[in-house]
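J.: Give me a 3D structure for the following:
(2 chains)
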Amino acid sequence: MGLAKRIIPCLDVTNGRVVKGVNFIGLRDAGDPIEISRRYDDQGADELTFLDITASSDDRDLILHIIEEVAAQVFIPLTVGGGVRKVEDVRRLLNAGADKVSINTSAVQNPELVREAADRYGSQCIVVAIDAKRAENGWQVFTHGGRNATGLDVIEWAKKMQALGAGEILLTSMDRDGTRNGFDLALIRSVSDTVDVPVIASGGVGNLQHLVDGIVDGHADAVLAASIFHYGEYTVRQAKEYMAQHSIEVRL
Amino acid sequence: MPDIAIVDYGMGNLRSVSKALEHVAQGASISVTSNPEVVRSASRVVVPGQGAMPDCLRELDKLGLRKAVVDAALHKPFLGICLGLQMLFDSSEEGNVKGLGIVSGKVRRFSAPATTANVQQRLKVPHMGWNQVHQAVAHPMWKDIPQDARFYFVHSYYVETATPEPAAAYTEYPFPFTCAVAKDNIFAVQFHPEKSQESGLALLSNFVHWQPTVFKGTRSRF
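T.: Down below sits the predicted model:
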């Protein structure tokens, strides 16, 4: 017995609604973020992750109100990412009730942001999100929701982010995201076996066995999924029961 | 004169702690404060905190809060969370600093990443996620909380008490470490009750109703 592997439903939020796309495009409405958060909390989600995919910076405050409302009702850890560019953005999200803030594109543009934010608020609340795509040798880091190639190697980048103070890595396979074909297990395992901080596997979950594979074969510390939960296909509790049947320690 | 003061020394987000306390203590006045006078006047004191221990102690001193926190730990129902537990000890390996010296022992870092026995997998630091809390003593703060209930942890340092008596609970990662300390009017935990759903809310509710009968500052029953 010991530390449980975590299941983290992910809510992509834009204009105050939860949406879900395929390979980062083609968005479909999935409901009200407060309502969905409460449902996942009731089902035993270990944490919740919100990704603010709002295109216009004018509407960014919407996510703050959503987080404030969720944090007053749901007493599990909340991670928020999307559009975090300055230490001030980190502060605003934490003050709204986020426990962790996820930094993606800005970490590439300005790696010092990760160091500054970790120094100021502690590594425990800084998650670096990495969007990875298979390359000739290994995987390459992409930014801007998967549109821009950076030329950076994912494994080296993960090591650098840990060194700068990231307390956790959220690792998404863009090749798999939205495909429902399962995680890119080689990717997840390569990063998880390299860094000392926890790794959250993301991208590609289509059934409950995929979650088990992410833990057992991918060596992930946590698994993140969106669509299998959003459309009521499986509950978080069903996912946990399935994992428990496969000898994975979970919080039931 | 608040019922509960949450000590704000600028180390991280205290909103979760105040929201969770508001949830279990409806009608109580809860103050998130950096003012030593408010801490002094409160009936109960909560000291949360995350980040690094040297910064935490420096901020306590800068804001003139050290004495108010020590007085609270000696004389009132006192709940420490995370750094609020670690700061009570004599010293910490984090920055090699002295703590408040209210509980004997030290704060240590989880050992360099090791391979666990059963799977070829690294021991991740920080220790992050839901782990089991094994209650080692009966205590009013454990009321309605099942043995080995899971609470949410996120930390890279853990406390080691000089003697076993103050240890109120253990958690394994990968060896058993003290995750809760109980001494007279002090109860302090490494995990985050404000983020631990039902069990966490139960613990906070127990704190709101806890009437310690022995106070550390007096050493006698009455």
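J.: Could you report the pLDDT at B:F222?
T.: We have a pLDDT of 40 for B:F222.
J.: what does B:R219 give?
T.: So B:R219 comes in at 54 (pLDDT).
J.: Same check on B:V119?
T.: 49.
J.: same deal with the one 4 residues further on?
T.: You'll see B:L123 listed with a pLDDT of 87.
J.: Would you report the backbone torsion angles of it?
T.: Per-residue torsions, B:L123: phi -80, psi 120 (degrees, to the nearest 10).
J.: what's the answer for A:F75, then?
T.: phi -110, psi 60.
J.: mind listing what it touches?
T.: Contact partners of A:F75, counting by Cβ atoms under 8 Å, 6 or more residues apart in numbering or on different chains, are A:41, B:16, B:19-20, B:23, B:194-197, B:200-201. Where C-beta positions appear, they are placed from N, C-alpha and C, glycine not excepted.
J.: same question, A:Y234
T.: Contact partners of A:Y234, counting by Cβ under 8 Å, 6+ apart, are A:208, A:228.
J.: Likewise for A:I36?
T.: Counted by Cβ under 8 Å, 6+ apart, A:I36 has contacts A:9, A:11, A:18, A:30, A:230.
J.: now check the longest helix seen in chain B, is it near chain A?
T.: The longest helix of chain B (DSSP state H) is helix B:197-209. Yes: counting by Cβ under 8 Å from any Cβ of the partner chain, chain A has neighbours in helix B:197-209: B:197, B:200-201.
J.: Let me see the contact set for A:S202.
T.: Counting by Cβ under 8 Å, 6+ apart, A:S202 touches A:10, A:170-173, A:177, A:183, A:223-225.
J.: again, but for A:A129
T.: Neighbour list for A:A129: A:81, A:102-104, A:107, A:169-172 [criterion: Cβ under 8 Å, 6+ apart].
J.: and if you look at B:V125?
T.: A:196-197, B:109-110, B:113, B:156.
J.: give me the element A:V19 is part of.
T.: Using DSSP states H and E, A:V19 sits within strand A:17-22.
J.: Need the three-state assignment for the nearest residue to B:P176 once chain neighbours are set aside.
T.: Distance criterion Cβ to Cβ, 6 or more residues apart in numbering or on different chains; nearest residue to B:P176, sequence neighbours excluded, is B:Y170 at 4.4 Å. When classified by DSSP: H, G, I helix; E, B strand; the rest coil, B:Y170 comes out as strand.
J.: B:Q26 too?
T.: Of the three states, B:Q26 takes coil under three-state DSSP.
J.: tell me what the longest helix of chain B is packed against?
T.: Judged by 3 or more Cβ pairs under 8 Å, 6 or more residues apart in numbering or on different chains; DSSP states H and E, the packing partners of helix B:197-209 are helix B:15-24, strand B:44-47, strand B:149-155.
J.: ok and it relative to strand B:149-155, angle-wise?
T.: For helix B:197-209 against strand B:149-155, the angle by axes from the mean of the first three to the mean of the last three Cα atoms, to 10 degrees is 90 degrees.
J.: Partner strands of the helix or strand of chain A with the lowest mean pLDDT and their direction?
T.: Of all helical and strand segments in chain A, the minimum by mean pLDDT, DSSP states H and E falls on strand A:25-31, at a mean of 75. Note on strand A:25-31: by DSSP bridges, its sheet partners are strand A:17-22 (antiparallel).
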